[in-house]
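J.: Got a predicted structure here, sequence first:
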Amino acid sequence: MHSGMSPARGSGLNVSSGSWRGLETGWRSYRPERARRGGKCRDAQLLLSTQKLWRAPVLSPCRRCLGSYSAGRVDLSECAEGDVQEMTKDSAIKALLFDVFGTVVDWRGGVARHVGPFLSRRNMAVDATEFADAWRREYSPAMEEITSGRRSFVRLDVLHKENLVKVLRSFGIDIDSVTADELDELNLAWHRLDPWPDSVEGLLRLKRKFIIAPLSNGNIRLMVDMAKRAALPWDAILGAEVVRAYKPSPQVYADTTDILGFSPAEVCMVAAHNGDLAAARQCGLKTAFVLRPVEHGPGQQSDLRAEQSWDYEAADLNDLATQLGCPT
C-alpha cells in the first residue's frame, strides 16, 4: 500500500458501511505532511503505521465527530485535544497461514534426492531434478479437475501417485515393472521434503507471537510426516483435506479462517506465490510475500518479485518475523 491509497475495509477503521463514502472524502482532504507526532486531536485518532511497507495512515474518528469528519470538515493537524497514536498494521493479525510447497520447504531438491536412487537402479539417463520438475508439472492440472467440479475431492497423496505413474510412463518406464511397494515409496518423496535454511528458525520466532499453521494443498498425513521430519513447529495442521477443496478455491481460505475462529482481517496468508496471495486477498486475508528465487531451480522465471502491493514483502521467514516484531 502507499500513501495515495484509501484505507480498505478490515483495516481497523471502525465505522458503519453507510459512512464509508464520507470517510473517503475526509481521507482525500487529509495531508500526512501536516500531522505532528505527539500532537493533540479532540475529534479523531490518527493511527500511523510504522511498518515500512504500509505508509498509508489509518483514520479512526470518534462517534461524536464522525459526521464532521465524513464531510471533510475536521482538520486533524489543528485539533487541540486527544492523542496522535502510532499503530503497526500487524497489530490486528492473530494467525499466520503458510503455503508449504516452495514457501516453507524445497520440494524440487527433496523430490530429486528421493527419486535419484530409483533412477540409478533403472539405469535411466534422466536427471533427478528433471524428473521432479516433470512430476510437479502434473500438480496443477490434476487439482484443476477437482476445483472445476469435474472430479470429486481426493487427497493429494492420491493425485501425486496418479501423476507419478504418468511421469514414469513419459520417461519410457514400463509401469508393470514397478512394484506397488516401489510406487508407494516413491510417492513418499513429498512427505520427506527439506525446509529452506531459514524456515524452522523463522517459524519458531513467528510462533512466539502468532498462531501458525499450514494452509497447503497437502493432505493431513503428508503435512504431519513432513513436520515431524523437518521439525516444523505448527500449532495446527490445516488446509485442503480439512475443508475438502484445493487452493485457489475461496472455500479453502474462508473455511480455514473460520475453523480458527478469526475474521479474515485477523489472518495473514504467507506464500512465495503471487497467485496464492491474490486468492487469499480476495477472501479478505492479509498477505505476505516471501521470495524463493530458486524454488524451480536456477532458471526460475516466475514469482521473482511481488506482483501486487502485498501487506508484507520479505526476503525469507526470518525477515518476515523481524518485520512483524517477533523476538529473536
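T.: Structure's in. What do you need? Numbering: from 1, shown residues only.
J.: where exactly do the strands run in the stretch 101-250 of the chain?
T.: Counting by DSSP state E, counting those that start in this stretch, one finds strands in the stretch 101-250 of the chain at the ranges 105-106, 194-195, 211-216, 238-239.
J.: Partner strands of the longest one, with direction?
T.: Applying DSSP bridges to the sheet, strand 211-216 is found paired with strand 95-98 (parallel), strand 238-239 (parallel).
J.: Now do the same contact list for the nearest residue to Asp276 once chain neighbours are set aside.
T.: Counting by Cβ to Cβ, 6 or more residues apart in numbering, Asp276 lies nearest to Asp99, which is 5.2 Å off, once chain neighbours are set aside. Quick note: C-beta positions are derived from backbone N, CA and C, even for glycine. Neighbouring residues of Asp99 by Cβ atoms under 8 Å, 6 or more residues apart in numbering: Pro214, Leu215, Ser216, Lys247, Met269, Val270, Ala271, Ala272, His273, Asp276.
J.: show me where pLDDT drops low in the stretch 51-200 of the chain?
T.: For the stretch 51-200 of the chain, the stretches with pLDDT under 70 are 51-91.
J.: let's see 90
T.: 51-91, 123-125 (pLDDT under 90).
J.: Quick one: the strands paired with strand 211-216 as CSV, columns for mean neighbour count too.
T.: Shown next, in CSV, are these (neighbours: other Cβ atoms under 10 Å):
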stretch, mean neighbour count
strand 95-98, 25
strand 238-239, 26
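J.: Could you say which one of those strands comes nearest to Leu188?
T.: Taking Cβ to Cβ, strand 238-239 is the member of those nearest to Leu188, at 18.4 Å.
J.: Touching the closest one from outside, list them.
T.: 97, 213-220, 223, 252, 256, 259-260.
J.: all helices of the stretch 101-250 of the chain, in order?
T.: With helices called from DSSP state H, counting those that start in this stretch, the stretch 101-250 of the chain shows them at 107-121, 128-137, 139-147, 156-170, 180-187, 199-207, 220-230, 240-243, 250-260.
J.: Could you pull out the buried residues of the shortest one?
T.: Read it as helix 240-243. For helix 240-243, the neighbour count (16 or more other Cβ atoms under 10 Å) marks Ala240, Glu241, Val242, Val243 as buried.
J.: Between its first and last residues, how far does stretch 145-162 reach?
T.: Length of stretch 145-162, first residue to last, Cα to Cα, to the nearest Å: 13 Å.
J.: Other residues contacting that stretch?
T.: By Cβ under 8 Å, 6+ apart, the list of residues contacting stretch 145-162 from outside reads 135, 139, 142-143, 183-184, 187, 190, 217-219, 221-222, 240-241, 244-246, 248-249.
J.: thinking again about what came up before, distance to Ala288 added to the buried residues of helix 240-243, as CSV?
T.: Supplementary listing: these in CSV, determined by distance: Cβ to Cβ, whole Å:
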residue, distance to Ala288
Ala240, 20
Glu241, 24
Val242, 21
Val243, 21
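J.: just those residues now: which is nearest Thr129?
T.: Nearest to Thr129 among the buried residues of helix 240-243 is Ala240, at 25.7 Å by Cβ to Cβ.
J.: circling back: please report the distance of the residue nearest to Asp276 from Trp135.
T.: For Asp99, the distance to Trp135 (Cβ to Cβ, to the nearest Å) stands at 18 Å.
J.: now swap in His273 and tell me
T.: Separation of His273 from Trp135 (Cβ to Cβ): 18 Å.
J.: quick one, which of the two is more surrounded?
T.: When neighbours are counted by other Cβ atoms under 10 Å, His273 and Trp135 differ, and Trp135 comes out ahead with 25 against 21.
J.: Distance to Gln323 and pLDDT added to the contacts of Asp99, as TSV?
T.: Shown next, in TSV, are the contacts of Asp99 (distance: Cβ to Cβ, whole Å; pLDDT from 0 to 100):
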residue	distance to Gln323	pLDDT
Pro214	21	98
Leu215	20	97
Ser216	23	97
Lys247	24	96
Met269	15	98
Val270	11	98
Ala271	15	98
Ala272	16	98
His273	19	98
Asp276	19	98
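J.: What residues sit buried inside stretch 243-255?
T.: By neighbour count on 16+ other Cβ under 10 Å, the buried set for stretch 243-255 is Val243, Ala245, Tyr246, Lys247, Pro248, Ser249, Gln251, Val252, Tyr253, Ala254, Asp255.
J.: nope, stretch 223-237 is what I was after
T.: Applying a neighbour-count criterion of 16+ other Cβ under 10 Å, the buried positions in stretch 223-237 are Met223, Asp225, Met226, Ala227, Ala230, Leu232, Trp234, Ile237.
J.: which residues does the residue nearest the centre of the chain bridge with?
T.: Centroid-nearest residue in the chain, with Cα atoms, centre = their mean: Val270, separated by 2.4 Å. Beta bridges link Val270 to Phe98, Ala288 when assigned by DSSP bridges.
J.: who's in contact with it?
T.: Going by Cβ under 8 Å, 6+ apart, Val270 touches Leu96, Leu97, Phe98, Asp99, Thr103, Ala288, Val290, Leu317, Leu320.
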